[in-house]
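1. 3D model of this:
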Amino acid sequence: MINIKKFFLSELKKVNNDYLIIRNYDSIISNQENDIDILLTRNCLKEIYNLLENEIIKNNYEIQELPDKIKINFLGQGNCLFLDFHYELTYYGINYANTKTIFENKYLNSDGIYELKKEYASLISLINRLLHKRKIKENDLTLIKNLIKQDNISLFFKTLKKELAILLINELGKDKLNLDFLRIRFIQILRFKNYTNILKEINYRFLFSRRKSIIPKGGILVLLGTHGAGKTTTCDSLKKLIKELGLIPNVLHSTSRPGLLPNIYKSKGEILYQKNSNKRKNRIFKPLILIHSLRVIYHIIDYWFFWLKSYNDRNKNIFIFDRFLYDYLVEPRNTYGMPLIFKRLLFKFAPKPNLVAVIWENPETIFQRKKELSLSRLKFENNGYLRFSKLNYANAYRTNIPSRIISRNIMKDFLLSNKSLPRNLK
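-> Presented below is the predicted three-dimensional model:
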């Protein structure tokens, strides 16, 4: 597994200049910190997210969307990274710094990454730690005090509102510093400068911040496709990816159903049909229609038993079926006596998977891989599954690319389907 921090910093160099690392770049590079705060525009965030998305779905992650920022945390064992993407610098939704001034005072460092000038970074770090009751770094405090002593206070008024700048200059200029008093006065000015600020803080504290974080969730994934299309290879690759997400893969190799209900085959009706097949070549044997219809209903009930049994486990488990009821629409097998239109109608009452993935490849290529079926049969089944994907809004994945890429694409669509990934960032 790649080092996620090194990967992120290398990808950051490809992004346009609408971002900057707010503070502690040296500590980040030296691996003293895994918490990176970035100020950026919304368009820049979308660009960064697109670069990160493939790595997100290969790691245990947590995403939280707030009005003023997006938090993306990588929680892999020994490979943690906490990214805070800020649209503006706020205290519970109340803006305390001039974003335009911050962007004007960035520079491109020797590593090709934009960061904030030292004095501005120290000021923002000091305010952030003050507001959140964290210990202020001595080097930040010393630098800001020296600026005040040298009467170099223009950055305070450029970065902060006038009242906040005056408060900081007066209090930090004193020999005896009372941080508790400074924090209380700073927050009072923020809150009561404008009545809308109080509403912003209430909304942020009690509404937005209580939203659940987006984390990987399990569910039911179905793989469909003809023999030799690549379902088993894709399934093996998916299992590795699911484990990296912190979830548990469970593969059910099923020819027709989960098997929670007992097998009651082979029926007398089918034997009778076989004996009379020569006499009834052009007629549908009526008892067989009933038998096969009951068989499909029996299978649907079996899937419902599985769906109910696995309900509590689906948050942390992904159940992968390499066969499903929908196979009967293409490969009738022992339900050939039932008309297709009746099957489609009955399947509307079956439990719905989170994602149905149709695995396909050119029949000629499959025939060369695995000569299990005739070429004509492969063409028939392949076309049938592709037709199913179009009619039933299933996703089709061609296996002419490496299985790790196919599994990554499937997992991305699966996580989107069960709302474990944001579809559109704010």
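2. chain center to the helix or strand hosting residue 378: distance?
-> Secondary structure assignment for residue 378, by DSSP states H and E: helix 375-391. In this view, helix 375-391 has its centroid 31 Å away from the chain centroid, taken as C-alpha atoms, centre = their mean, to the nearest Å.
3. next one: stretch 305-316
-> With C-alpha atoms, centre = their mean, you get 21 Å for stretch 305-316.
4. okay, how far is it across that stretch, tip to tip?
-> 19 Å (C-alpha to C-alpha, to the nearest Å).
5. would you mark the buried spots in it?
-> Using 16 or more other C-beta atoms under 10 Å as the test for burial, stretch 305-316 gives 305-307, 310, 314. (Each C-beta comes from the backbone N, C-alpha and C, glycine too.)
6. what's next to it, contact-wise?
-> Contacts with stretch 305-316, where a contact means C-beta atoms under 8 Å, 6 or more residues apart in numbering, come from 217-220, 247-248, 258, 260-261, 317, 319, 351.
7. buried ones in the helix holding residue 378, by neighbour count?
-> 378-379, 381-382, 384-386, 388-389.
8. tell me which other helices or strands it touches.
-> With contacts taken as 3 or more C-beta pairs under 8 Å, 6 or more residues apart in numbering; DSSP states H and E, helix 375-391 sits against strand 355-360, helix 363-369, strand 395-398.
9. format the ones you listed as CSV; extra columns: mean pLDDT, mean neighbour count and distance to residue 324.
-> Shown next, in CSV, are the helices and strands packed on helix 375-391 (pLDDT from 0 to 100; neighbours: other C-beta atoms under 10 Å; distance: least, C-beta to C-beta, whole Å):
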stretch, mean pLDDT, mean neighbour count, distance to residue 324
strand 355-360, 95, 24, 7
helix 363-369, 91, 17, 20
strand 395-398, 95, 17, 14
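10. can you redo those as TSV with distance to residue 45?
-> Below are these laid out as TSV (distance: least, C-beta to C-beta, whole Å):
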stretch	distance to residue 45
strand 355-360	27
helix 363-369	41
strand 395-398	27
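11. quick one: pLDDT of residue 1?
-> Here the pLDDT value assigned to residue 1 is 54.
12. ok, residue 34 touching residue 78?
-> No: Residue 34 is beyond contact range of residue 78, at 11.0 Å (criterion: C-beta atoms under 8 Å).
13. which residue of the two possesses the greater neighbour count?
-> Neighbour tally, residue 34 and residue 78, criterion other C-beta atoms under 10 Å: the higher count belongs to residue 34, 16 against 6.
14. check contacts around residue 392.
-> Contacts of residue 392 by C-beta under 8 Å, 6+ apart are 326, 356.
15. related to what we said a few turns ago, residues making contact with the helix holding residue 378?
-> 224-229, 326, 329-331, 356, 358, 360-364, 366-367, 373, 394-396.
16. any idea how far residue 295 is from residue 289?
-> 11 Å (C-beta to C-beta, to the nearest Å).
17. the more surrounded of those two?
-> residue 295 (22 against 15).
18. what's the helix or strand for the more buried one?
-> Going by DSSP H and E, residue 295 is in helix 286-309.
19. equivalent analysis for residue 46, please.
-> Per DSSP H and E: helix 42-56 holds residue 46.
20. pLDDT-wise, which helix or strand of this protein ranks last?
-> None of the helices or strands of the chain scores lower by mean pLDDT, DSSP states H and E than helix 268-275, at a mean of 43.
21. domain parsing of the chain, as residue ranges.
-> 4-210, 219-417 (automatic domain parsing).
22. among those, which comes closest to residue 423?
-> For the domains of the chain, the distance to residue 423 is smallest for domain 219-417, at 6.1 Å, taking C-beta to C-beta.
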